[in-house]
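Asker: Next input, structure requested:
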Amino acid sequence: MPENADRPDPVSPGLVSILINNHNYGAYVVDAVRSALDQTYPHIEVIVIDDGSTDDSMHRLAEIDDPRLLVVGQANGGQGAAYNAGWRLANGQHLLFLDSDDLLDPQVIEQALAAFGPETVKVQFALRVIDAQGRLTGRIHPPELDTLGFARMVERYGLYAGPPGSGNLFARHFVDAVMPIHPESNFRSGADSWCILMAPFYGAIASLARPGGSYRVDRPQGVDALRVIGNINAQPSANMAKSIECTQLVFDALHDAGRIDRRQPALPSPPMLRAWVLARLHGQLDRTQPPWGGIPGVLTILRSVGGWQAYSHRKRVVYAAYLLVCRYLPPMMARQSLRLLHHVGIR
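Answerer: I've put the predicted structure just below:
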């Protein structure tokens with residue numbers, strides 16, 4: 001893994017770089033920029049990488065008059081290319097990769113910086129879920145944050161209970177050690193997993209006690225909430241395939257850097273199992289068939305959920321029941337049972 005590749009610019013002590021990747025989110029990107037510029041922490045630069053938008057994004061961004069804002073357009077190359085471009089331009093001692101449809105609370109950078117210690121490489125915070133119109137849904141993403149054992153969780157599951165890209169403030173020395181994301185072409189989406197999954201192997205991670213921003217779920221009207229995982233609009237099979245691909249590339253990079261012995265997770269994570277069973281219920285397992293069935297499948301579910309430390313004991317029991325029902329009952333019966341379980345602990 002190249003260290004400090006293509007990073008000739010000096011780092012400015014005390015400066016925080018908020019890097020926004022945008023592609024055709026003109027309806028949201030100005031709000032994202034303003035939430036970054038409106039931080040109570042005064043030493044901020046905001047860099048927007050517009051990844052080949054064909055909507056009015058660039059026109060809207062041009063109307064923002066602030067010397068702390070830099071907007072750069074590039075040919076469409078995907079999220080990984082936008083992350084790499086933003087990193088190369090950033091001068092901050094700390095970096096946050098903000099999605100162009102998400103928002104930051106005004107105090108969150110100040111609060112996150114206060115949580116950094118000498119060994120900390122990342123401070124994370126949960127995000128309130130909002131809909132396409134910016135209205136609160138009442139949910140938090142993720143519902144629980146891990147506080148210990150991050151590296152162990154990555155090795156076991158290829159995941160830990162942490163927020164998506166917009167909920168992470170990274171130390172610059174860590175980001176420089178693992179960037180650029182490569183190969184860019186494989187990270188047209190899912191680029192946030194690169195730094196998120198590598199962070200536990202380079203230092204400590206701290207978590208804020210309260211949400212620090214908003215995560216937009218752009219869900220089309222009329223879509224059954226039980227069909228939607230995250231904000232992928234009822235396409236769990238495609239999402240699973242992409243998640244598996246990105247996780248494998250991160251494991252390969254960590255292994256090649258001598259940070260991890262494994263080249264793949266030991267178990268599928270509970271969120272991945274949830275994606276599999278929902279895809280099964282809706283006939284969307286066209287590209288990613290679940291590699292478990294029968295008694296081994298039951299054991300896989302129990303081992304996976306049993307070791308997921310972010311869940312309480314009660315939620316582990318409920319979640320295991322949820323997965324077993326969805327996996328092994330006939331689809332029509334499973335859907336009815338799913339609705340009942342949804343009300344007793346699964347969100």
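Asker: Which strands or helices does whatever helix or strand His94 lives in pack on?
Answerer: Using DSSP states H and E, His94 sits within strand 92-99. Under the contact criterion of 3 or more CB pairs under 8 Å, 6 or more residues apart in numbering; DSSP states H and E, strand 92-99 touches strand 12-22, helix 26-37, helix 79-89, helix 108-114, strand 168-171, helix 172-178. Glycine gets a C-beta too; all of them are placed from N, C-alpha and C.
Asker: And the contacts of the fifth one?
Answerer: Read that as strand 168-171. 16, 93-97, 109, 112-113, 116, 120-124, 162, 192, 195-196, 199, 203 (CB atoms under 8 Å, 6 or more residues apart in numbering).
Asker: what are the pairing partners of it, and which direction each?
Answerer: Using DSSP bridges, strand 168-171 pairs in its sheet with strand 92-99 (antiparallel), strand 120-124 (antiparallel).
Asker: May I see those arranged in JSON lines, with distance to Gln309 and mean pLDDT as well?
Answerer: Output for those, formatted as JSON lines (distance: least, CB to CB, whole Å; pLDDT from 0 to 100):
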{"stretch": "strand 92-99", "distance to Gln309": "26", "mean pLDDT": "98"}
{"stretch": "strand 120-124", "distance to Gln309": "15", "mean pLDDT": "98"}
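Asker: just to revisit the earlier point, which of the contacts of strand 168-171 are buried?
Answerer: Buried residues within these, counting neighbours by 16 or more other CB atoms under 10 Å: 16, 93-97, 109, 112-113, 116, 120-124, 162, 192, 195-196, 199, 203.
Asker: which SS state does the nearest residue to Asp50 once chain neighbours are set aside fall under?
Answerer: Closest residue in space to Asp50, ignoring its immediate chain neighbours: Gly73 at 4.6 Å, by CB to CB, 6 or more residues apart in numbering. Three-state call for Gly73 (DSSP: H, G, I helix; E, B strand; the rest coil): strand.
Asker: again, but for Trp194
Answerer: Classification of Trp194 using three-state DSSP returns helix.
Asker: Ser214 now?
Answerer: Put simply, Ser214 is strand when judged by three-state DSSP.
Asker: what's it in contact with, if anything?
Answerer: So Ser214 contacts 102-103, 105, 127-130, 134 (CB under 8 Å, 6+ apart).
Asker: redo that, cut-off 10 Å
Answerer: Ser214 makes contact with 31-32, 35, 101-105, 127-130, 134, 136-137, 141, 166, according to CB atoms under 10 Å, 6 or more residues apart in numbering.
Asker: In strands, which of these appear?
Answerer: Among these, DSSP state E puts 103-104, 127-130, 136-137, 141 in strands.
Asker: hey, which helix is longest across the protein?
Answerer: helix 236-256 (DSSP state H).
Asker: which strands and helices sit next to that helix?
Answerer: helix 150-157, helix 172-178, helix 192-198, helix 270-281 (3 or more CB pairs under 10 Å, 6 or more residues apart in numbering; DSSP states H and E).
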